[in-house]
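>>> no sequence on this one, just coordinates:
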């Protein structure tokens, strides 16, 4: 019965990951396709001459996807108008066509694509010219102009065939890995996730005939595989062989995920089992039916407010695709300022009555972004003082958060970077406040 519970729980997890706005996405794809067909073919078809690509086209997207990709296949007769340094003009003409048809939609050109911005996602339309071999030429306006080749049909076909070979475990693993990425702020792209999942399942036959019943072990082994991969700049994509860039090393966070999987497997059959898996995959993993956290915790005869907020309930979508890193300057009168991360690395105790200034020290987010902070107090003293906090609040515009160490506990500070209403990057730093020296002397 316990094993069946594991299977049912992971099945529910995958159900929770299903894209929940598929009709809206389909409508937006159709609108853009109609605008481009009207411009370049004088028709109003919402389906002809287009190809859904990216995670959505490969059927590995999950709830909260905000970066949708499509190719618009240009008429062959238009090639002469753009072939000679016409890359920027092609993108500009495509953008103008979409704006003319939908003037209330924000439309902008971004190097390779035309972006149409909606409330909780954006569609990136790429005008392309189909080649005789089924590949596509697309315009690249970065550092000059060039025509480059993409082969998405080969990727989609290869993924479909491989998913069948692996008893449908391939696409499911891709989706689970996206949930991990969003939970832990792993800023890697969807094609890289799919490539890594493919490479892992290619390395073993262990799960060729397995299903949900073994997804706990498959999770464990997948992260064990990732953490041991050598660091490299790119991987070769399934099907097309195109280079998939690694924006940020993922091995350290994979190592942590592997450790969390081991703890979750060890907790099988216990009340804490689902919470352990939620530590790996986030709040879309089902909570335990028997252990539901109440809104209030009774302590010493009085209610303690559970005030923690969660990003899934605050932001329109969570789709981590970038990296951000925060640090904290620790200050106290009479002492030199110090980095909290360096103190944690050196295992230096953080005492009460210090000023803490959290700030962004590194990010790969292009352009501007908004920032939100979450300060969560943990430990017995936070409960005793009815001061758990955990609300998600907007930054004051300076991309920093000032706090003070007041009482003991392993506190946590999270930051969330927001672009077009979507959380695209997140980072966390622990703030372990220990007893002061007087407490040690007692």
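All right, it came through fine. Source: prediction; values computed, not measured.

>>> Show the contacting residues for the residue sitting nearest the centre point of the chain.
Centroid-nearest residue in the chain: residue 320, 2.5 Å away (criterion: CA atoms, centre = their mean). With contact set as CB atoms under 8 Å, 6 or more residues apart in numbering, residue 320 has these partners: 181-182, 185-187, 423-426. Every residue, glycine included, has its C-beta placed from N, CA and C.

>>> who's in contact with the nearest residue to residue 200 once chain neighbours are set aside?
What sits nearest to residue 200 in space, not counting adjacent residues and going by CB to CB, 6 or more residues apart in numbering, is residue 225, at 4.6 Å. With contacts defined as CB under 8 Å, 6+ apart, the neighbours of residue 225 are 199-200, 203.

>>> now residue 225: how far from residue 170?
Residue 225 sits 14 Å away from residue 170 when distances are taken as CB to CB, to the nearest Å.

>>> now residue 190
Where residue 170 is concerned, residue 190 sits at a distance of 14 Å (CB to CB).

>>> what comes into contact with the helix or strand where residue 107 lies?
Using DSSP states H and E, residue 107 falls within strand 106-110. In this structure, residues lying in contact with strand 106-110 by CB under 8 Å, 6+ apart are 88, 91-92, 95, 98-99, 114-117, 124, 141.

>>> Let's see that with 7 Å instead.
When contacts are defined by CB atoms under 7 Å, 6 or more residues apart in numbering, strand 106-110 is touched by residues 91-92, 95, 98-99, 114-117.

>>> Give the PyMOL command for selecting the buried subset of those.
Of these, the buried ones go into a single PyMOL selection, burial set by 16 or more other CB atoms under 10 Å:
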select buried, resi 91+95+98+99+114+115+116
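
>>> May I ask which two of the contacts of strand 106-110 are separated the most?
92 and 117 (17.0 Å; CB to CB).

>>> ok, for residue 78, nearest residue in space, not its chain neighbours?
The spatially closest residue to residue 78, leaving aside those adjacent along the chain, is residue 40, at 6.3 Å (CB to CB, 6+ apart).

>>> And the helix or strand that contains that neighbour, what does it pack against?
Per DSSP H and E: residue 40 is located in helix 22-41. Secondary-structure packing of helix 22-41 (3 or more CB pairs under 7 Å, 6 or more residues apart in numbering; DSSP states H and E): strand 50-53, strand 67-73, helix 87-101, strand 122-130.

>>> Reformat those as a markdown table; add mean pLDDT and distance to residue 409.
Converted to a markdown table, those look like this (pLDDT from 0 to 100; distance: least, CB to CB, whole Å):
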| stretch | mean pLDDT | distance to residue 409 |
| --- | --- | --- |
| strand 50-53 | 96 | 47 |
| strand 67-73 | 96 | 37 |
| helix 87-101 | 96 | 52 |
| strand 122-130 | 97 | 40 |
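
>>> what residues does stretch 44-63 touch?
The set of residues external to stretch 44-63 that reach it, using CB under 7 Å, 6+ apart, is 17-20, 25, 29-30, 33-34, 37-38, 65, 68-73, 152, 155-156, 159, 171, 174-175, 178-179, 190, 194, 284.

>>> If we use 6 Å, what do you get?
In this structure, residues lying in contact with stretch 44-63 by CB atoms under 6 Å, 6 or more residues apart in numbering are 17, 19-20, 30, 33-34, 37-38, 68-73, 152, 156, 159, 171, 174-175, 178, 190, 194.

>>> Give me the phi and psi angles of the residue nearest to the centre of the chain.
Listed backbone geometry of residue 320 is phi -70, psi 120, with angles given as degrees, to the nearest 10.

>>> Quickly note the distance from it to residue 100.
34 Å.

>>> Kindly report the same for residue 177.
Using CB to CB, we find residue 177 at a distance of 40 Å from residue 100.

>>> okay, those two: which has more neighbours?
Using other CB atoms under 10 Å, the more surrounded residue of residue 177 and residue 100 is residue 177, with 29 against 12.

>>> okay, now residue 133: neighbour count?
By other CB under 10 Å, neighbour count at residue 133 equals 9.

>>> can you confirm it is in a strand?
No - read with DSSP: H, G, I helix; E, B strand; the rest coil, residue 133 is coil and lies in no strand.

>>> Quick check: it vs residue 232, distance?
Distance check for residue 133 against residue 232: by CB to CB, it reads 28 Å.

>>> what about residue 76, how many neighbours?
Residue 76: 9 neighbours (other CB under 10 Å).

>>> Quick check: beta-bridge partners of the nearest residue to it once chain neighbours are set aside?
Using CB to CB, 6+ apart and skipping residues adjacent in sequence, the residue nearest residue 76 is residue 129, 7.1 Å away. Judged by DSSP bridges, the bridge partners of residue 129 are residue 137.

>>> who's in contact with residue 129?
74, 79, 137.

>>> Mind checking which of those are buried?
Buried positions within the contacts of residue 129, assessed by neighbour count (16+ other CB under 10 Å), are 74, 137.

>>> mind putting the contacts of residue 129 in JSON lines, pLDDT and distance to residue 346 included?
Formatted as JSON lines, the entries for the contacts of residue 129 read as follows, by pLDDT from 0 to 100; distance: CB to CB, whole Å:
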{"residue": "74", "pLDDT": "98", "distance to residue 346": "58"}
{"residue": "79", "pLDDT": "96", "distance to residue 346": "62"}
{"residue": "137", "pLDDT": "96", "distance to residue 346": "54"}
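
>>> could you dump the contacts of residue 129 to CSV with distance to residue 104?
Putting the contacts of residue 129 into CSV (distance: CB to CB, whole Å) gives the following:
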residue, distance to residue 104
74, 26
79, 32
137, 32
